[in-house]
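In: starting from these lines, generate the structure:
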Amino acid sequence: MTGPRPLLGTAREWAIDLSVATAMGAFLGMVGPFGSYFNGPFLVRAIYWIGCFWAGTLIFGLLIRLAAVAAERARIPAPILVAAAILVGSALQAAVVAPAATGLWPFLNKLSPLDWYGQCLAFSGPLAVGFTILRARLAAQRAAAAPLVVDGPVSTPPPTPIPAATVLYLKMEDHYVRVRTETGSRLEAGPMARVLANLSGLDGLQVHRSWWVARRAVVGVERDGRNLRLRLADGEAAPIARASVARLRAAGWLAEEDAAATG
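Out: All right, here's what the predicted structure looks like:
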């Protein structure tokens, strides 16, 4: 058994990230992009680019992980906070890269702080987006192999089975499934289908790839532009996937005017 994943990632993840950063920095030191090939010997260029990638990995790695956690806790769309993290991270990276570059190559003093910020944003922004997408896909792939984990102290015997009648909803959290009941919640190994298979006699529907909701847990429907969410008994709001609207409407979960919001 293992506990929840560390907030800022595991040591293995950081080791992989920094190893990739080192390889990419060495490669750019060899090819000398953006005219840097003429700025000095390979060793100097390699040290510069590796340093840039290490700084970017540490800055964006920390900010994006914190943004993802904050988005989940505040129920804010993750892309909004990740985009903000990239904008802030580019400024921090520029503050590191500019002095290093001008120290090695004084003729670069002609560049303004805005020039450095723009270059860092243009170069690091797409890499940070790719990092975020890759991390999300890797987390989904780990779901099936994740060990069982429960909130609070764990023991060798398997946890007590959850009475199906008490379940309010299931929600994916990284590679675990949070099972919310009338008396509390606990985490179980994913994927969602695996957890549902162990809970029989449930009256509910999967409303999103990350959410299954019991009918009795729904207290209302919220509309946010063209998006719909189910308001749940404990104050949570479960997003409704566009592909699930017709099925929920047929089951009597949505009024016609609510379903029309996604039409």
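In: now the spatially most central residue of the chain: which helix or strand?
Out: Central residue of the chain (C-alpha atoms, centre = their mean): residue 68, 4.7 Å from the mean position. Using DSSP states H and E, residue 68 sits within helix 42-74.
In: about what we covered before: tell me the contacts of the residue nearest to the centre of the chain?
Out: 78, 81, 82, 132 (C-beta atoms under 8 Å, 6 or more residues apart in numbering). In this view, the C-beta of every residue, glycine as well, is placed from N, C-alpha and C.
In: one more pass at 6 Å, please.
Out: Contacts for residue 68 (C-beta atoms under 6 Å, 6 or more residues apart in numbering) come out as residue 78.
In: so how far is residue 79 from it?
Out: Distance of residue 68 to residue 79, given as C-beta to C-beta, to the nearest Å: 10 Å.
In: and for residue 94?
Out: For residue 94 relative to residue 79 (C-beta to C-beta), the value is 23 Å.
In: what's the answer for residue 51, then?
Out: 29 Å.
In: who's more crowded, these two?
Out: Set residue 51 next to residue 79 and count neighbours by other C-beta atoms under 10 Å: residue 51 wins out with 17 against 12.
In: could you check the pLDDT of the more buried one?
Out: Listed pLDDT for residue 51 reads 90.
In: quick one, phi psi at the residue lying closest to it once chain neighbours are set aside?
Out: Distance criterion C-beta to C-beta, 6 or more residues apart in numbering; nearest residue to residue 51, sequence neighbours excluded, is residue 100 at 6.1 Å. Torsion angles at residue 100 (phi, psi; degrees, to the nearest 10) stand at phi -70, psi -40.
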